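Enquirer: This is a predicted model, with the sequence first.
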2 protein chains.
Amino acid sequence: MPKGAAQALLAAAESEAGTRGAPPPAGRNLLFLREEELRLAQDLLFFGYRDFTAGADAILADLGMGRAHHRVLHFVGRWPGITVGDLLGILAITKQSLGRVLTPLVEEGYVTQAPGRTDRRQRLLSLTEKGAALERRLFERQRETIMQAYREAGPQAVEGFRRVMRGLMGEEARAALARLEAPAEREGK
Amino acid sequence: MPKGAAQALLAAAESEAGTRGAPPPAGRNLLFLREEELRLAQDLLFFGYRDFTAGADAILADLGMGRAHHRVLHFVGRWPGITVGDLLGILAITKQSLGRVLTPLVEEGYVTQAPGRTDRRQRLLSLTEKGAALERRLFERQRETIMQAYREAGPQAVEGFRRVMRGLMGEEARAALARLEAPAEREGK
DNA sequence: GAAAATGCGTCAACAATGCTGACCAAATTC
DNA sequence: GAATTTGGTCAGCATTGTTGACGCATTTTC
């Protein structure tokens, strides 16, 4: 597909998507282009996500862990002192599924649990040094992948990537992300 | 970390990401900002991909299928007449894993197999009407998600999204994607 | 202060989707 | 005609998700 066509395609998609109102041409062909564009997004997400996770997966496999362990390490590292309930909310899995990876992580000394100060039923989760070290190792691996993609694409593309990815997320994920990005209000509220 | 700091962090990351050029401060701090930026990418990919697939997953669950079935429907639909070997290459899974979803899809009339014309060992895969109908239903569901994200983000962001996602992919995935996007040379080569 | 709700853990069973290893049949290639 | 390639299948295993049902400690509510 020549570059000009891609540009036209974008413009057409945009105009039909609805801001300005230049009446779209042909119609049938335009519909095809739009569909092709969206199918490309499916492809990109499949290949991109798979390869993004591949590096960390390899490290984890050596330790007898899986992607689920990484997620716990990632989000506990991102939000130290998080409660089990909040972690369940972020991951959107069941307590049993989380338990299967969290319990071993605690037993093997990657994660610590501390009783909540205001509510002693809670187990506030944090990474141990060992856990932080592993998380960092996994991060460094993914960092390479992301940095390369960011460098190749350029800063403007990065901003666009962020905007689109945010748009793909549902309400709950956006809320969770907002909380992750504003780590101020943990203890208080 | 006080709220102001988080704001400053985001702003700084933004300015470093690129357009305006106030020279970035400290350096140690700058390294930290870069890391935050990359961790955000991890978050975005996790939440975004999960929610992107959620809609189709729900439809599939009703039919007793999973994401793996969808992938087969998607890529067979995208490349009618694909051989089993090529499909294995695109999905990057084992023959056994593919067989577990492909065989039922054939048996239940979603996918047809035709012996290759030049090489009769091959089974050229295509969607039946039933298969195309299901694939379309799944596509329509994801289309909504993507279209909304694209609309919210704007055409420039879409281009950036594509560039970054491409950058995340490894060599093999890029090659596979290139073949998918240039569906001309199927039979011949 | 008793009752209800909440936070967390656990046992048991099941499903989807990866994997390895082994082996077979048909067709093609050398 | 032997070796290779393409595809299928059986058997077993691991990860990670699911329901459903309890149990315990603690907090909240009446």
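Expert: Sure, I can see it. A quick note: this is a predicted structure, and the numbers were derived from the prediction, not measured.
Enquirer: drop to CA atoms for contacts and neighbour counts, all remaining ones
Expert: OK.
Enquirer: okay, now the residue of chain A found nearest DNA strand D: neighbour count?
Expert: At 2.6 Å from DNA strand D, A:Gly66 is the closest residue in chain A, using Cα to the nearest atom of the strand. Using other Cα atoms under 10 Å in any protein chain shown, A:Gly66 has 16 other residues around it.
Enquirer: Identify the residues contacting the closest residue to it other than its chain neighbours.
Expert: Ranked by Cα to Cα, 6 or more residues apart in numbering or on different chains and with sequence neighbours excluded, the top spatial neighbour of A:Gly66 is A:Leu60, at 5.7 Å. A:Leu60 is in contact with A:66-67, A:70, counting by Cα atoms under 8 Å, 6 or more residues apart in numbering or on different chains.
Enquirer: so what's the residue most central in space within chain A up against?
Expert: Nearest residue to the geometric centre of chain A (Cα atoms, centre = their mean): A:Met165, 8.6 Å. By Cα under 8 Å, 6+ apart, A:Met165 lies in contact with B:44-45, B:48, B:149, B:161.
Enquirer: quick one: which of those sit in helices?
Expert: Members of these lying in helices (criterion: DSSP state H): B:44-45, B:48, B:149, B:161.
Enquirer: Look up which helix or strand A:Glu144 falls in, please.
Expert: helix A:129-153 (DSSP states H and E).
Enquirer: ok, residues contacting that helix?
Expert: If you take Cα under 8 Å, 6+ apart as the criterion, helix A:129-153 is touched by A:52-53, A:55-56, A:59, A:70, A:73-74, A:77, A:109-111, A:157-158, B:38, B:41, B:160, B:163-168.
Enquirer: Next: stretch A:103-118.
Expert: A:69, A:73, A:102, A:121-132.
Enquirer: now check stretch A:89-99, is it near chain B?
Expert: No. Interface with chain B: stretch A:89-99 contributes nothing (Cα under 8 Å from any Cα of the partner chain), its closest point being 8.8 Å away.
Enquirer: does A:Arg34 sit in a helix, a strand or a coil?
Expert: Following DSSP: H, G, I helix; E, B strand; the rest coil, A:Arg34 is assigned to helix.
Enquirer: Select the helix or strand of chain A having the lowest average pLDDT value.
Expert: helix A:3-17 (a mean of 40; mean pLDDT, DSSP states H and E).
Enquirer: Just give the nearest non-adjacent residue to A:Gly160, would you?
Expert: Counting by Cα to Cα, 6+ apart, the residue nearest A:Gly160 is B:Ala157, at 3.4 Å.
Enquirer: Neighbours of that neighbour, how many?
Expert: Neighbours of B:Ala157 using other Cα under 10 Å come to 24.
Enquirer: Near the nearest residue to A:Lys95 once chain neighbours are set aside, how many other residues are there?
Expert: Spatially, and ignoring its direct neighbours in sequence, A:Lys95 is nearest to A:Leu88 (6.8 Å; Cα to Cα, 6+ apart). Applying other Cα under 10 Å, we find 16 residues neighbouring A:Leu88.
Enquirer: repeat for the one 5 residues further on
Expert: Neighbour count for A:Ile93, taken as other Cα under 10 Å: 11.
Enquirer: tell me the SS of it?
Expert: Strictly by three-state DSSP, A:Ile93 counts as coil.
Enquirer: follow-up on the earlier one: mark which of the contacts of helix A:129-153 are buried, thanks.
Expert: Among these, those classed as buried by 16 or more other Cα atoms under 10 Å in any protein chain shown are A:52-53, A:55-56, A:59, A:70, A:73-74, A:77, A:110-111, A:157-158, B:38, B:41, B:160, B:163-168.
Enquirer: Could you tell me which of those belong to strands?
Expert: A:Val111 (DSSP state E).
Enquirer: which of the buried ones among the contacts of helix A:129-153 are close to DNA strand C?
Expert: Among those, no residue sits close to DNA strand C (Cα under 7 Å from any atom of the strand).
Enquirer: So which of the buried ones among the contacts of helix A:129-153 are in helices?
Expert: Per DSSP H, the buried ones among the contacts of helix A:129-153 map to helices at A:52-53, A:55-56, A:59, A:70, A:73-74, A:77, A:157-158, B:38, B:41, B:160, B:163-168.
Enquirer: on that earlier part again, and the contacts of helix A:129-153 near DNA strand D, which?
Expert: Of the contacts of helix A:129-153, not one also sits near DNA strand D (Cα under 7 Å from any atom of the strand).
Enquirer: residues from chain A in reach of DNA strand D?
Expert: Selection of chain A residues close to DNA strand D by Cα under 7 Å from any atom of the strand yields A:64-69, A:92-94, A:96-98, A:100-101, A:118-121.
Enquirer: Please check these and keep the buried ones.
Expert: The neighbour-count criterion (16+ other Cα under 10 Å) marks A:65-69, A:98, A:101 among the residues of chain A next to DNA strand D as buried.
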